[in-house]
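# Pasting a predicted model and its sequence here:
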Amino acid sequence: MPKPPKLGLLRRENRRMLGKLAVVVVSMFGFGYALVPMYRTICDALGINVLSLAEQRTSPGAAGTGERRGSTQVDYSRTITVEFDANARGPWDFKPAVRSLQVHPGELTTVMYEFRNMQNRTMAAQAIPSYAPMQASPHFNKLECFCFNEYTLKAGESRQWPVVFYVDPKLPKDVTTITLSYTFFEVGGKVPAAPKAALGPAAGGAS
């Protein structure tokens, strides 16, 4: 007995729709599966692992020492000596917790800097970084640095700040030592001037 025309047409439409849905499901699965290698390829091209760096930045650093953690594309065949310098342009104490570290290109490292306001007044200050040799500058990547901000410190107040960095593996082969230097200077006009009593005997002038 032949099937009714409408019932046969409906079944053909259902089979056609089922086939389209199957293609969509397979395509979505394939796209999701391909995201992993695509993500890894992008991160490898940039030389970083975003998730890994985010976890490392939220982990507390060891105060007084340099803390080194792995990141992607670490070049273990090379060792770079990173020297840390601090210049205090004023009556305050400013220094790195360590004077130098040996790191591998691509290795994420944390170093602490210490600052103490030795004055009897509040001050506002900011640090400016510099690098030697100059060709190392574009290859020294800071992920976290106190030099990005101005700070207000009360009389006698002490602070510790981290510098989180990695050296780009594309650093020229002839560069084996990098010096990171900070100059901490007072920002004028941010806080009241020093009290007259703090200026010393000369403040009163000649009698």
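Perfect, thanks for sending it.
# So which residues of this protein form strands?
Using DSSP state E, the strands found in the chain span residues 67-69, 80-89, 92-96, 100-103, 108-117, 123-132, 140-144, 151-153, 158-167, 177-186.
# Can you list the buried residues in the fifth one?
Neighbour-count burial for strand 108-117, counted by 16 or more other Cβ atoms under 10 Å, picks out Leu108, Thr109, Thr110, Val111, Met112, Tyr113, Glu114, Phe115, Arg116, Asn117. In this view, the C-beta of every residue, glycine as well, is placed from N, C-alpha and C.
# CSV please, covering those residues and showing pLDDT and distance to Gly188.
Shown next, in CSV, are the buried residues of strand 108-117 (pLDDT from 0 to 100; distance: Cβ to Cβ, whole Å):
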residue, pLDDT, distance to Gly188
Leu108, 95, 36
Thr109, 96, 34
Thr110, 96, 32
Val111, 95, 29
Met112, 95, 28
Tyr113, 93, 22
Glu114, 93, 24
Phe115, 91, 18
Arg116, 92, 20
Asn117, 91, 16
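# Which one of the residues you listed is nearest to Met123?
Asn117 (5.6 Å; Cβ to Cβ).
# right, and that closest one touches Ala155 too?
Yes: the criterion here is Cβ atoms under 8 Å, and Asn117 meets it with Ala155 at 6.3 Å.
# what's the closest of the buried residues of strand 108-117 to Phe185?
Phe115 (12.0 Å).
# ok so, going back, which among the buried residues of strand 108-117 gets closest to Trp161?
Using Cβ to Cβ, Tyr113 comes nearest to Trp161 of those, at 5.2 Å.
# any idea how far Thr109 lies from Pro138?
Thr109 sits 18 Å away from Pro138, going by Cβ to Cβ, to the nearest Å.
# Span of stretch 113-133 from start to end?
This stretch, stretch 113-133, spans 21 Å end to end (Cα to Cα, to the nearest Å).
# What residues of it count as buried?
Tyr113, Glu114, Phe115, Arg116, Asn117, Gln119, Met123, Ala125, Gln126, Ala127, Pro129.
# do the same with stretch 88-96
Residues of stretch 88-96 classed as buried by neighbour count (16+ other Cβ under 10 Å): Ala88, Trp92, Phe94, Pro96.
# Thr179: which of these is nearest?
Nearest to Thr179 among these is Pro96, at 11.3 Å by Cβ to Cβ.
# okay, now the domains of this protein?
Annotated domains of the chain cover 12-44, 50-186 [automatic domain parsing].
# Report whether the expected contact of Pro172 with Pro133 is present.
No: with contact defined as Cβ under 8 Å, Pro172 does not reach Pro133; the gap is 9.2 Å.
# Arg89: what's it in contact with?
Thr183, Phe184, Phe185, Glu186 (Cβ atoms under 8 Å, 6 or more residues apart in numbering).
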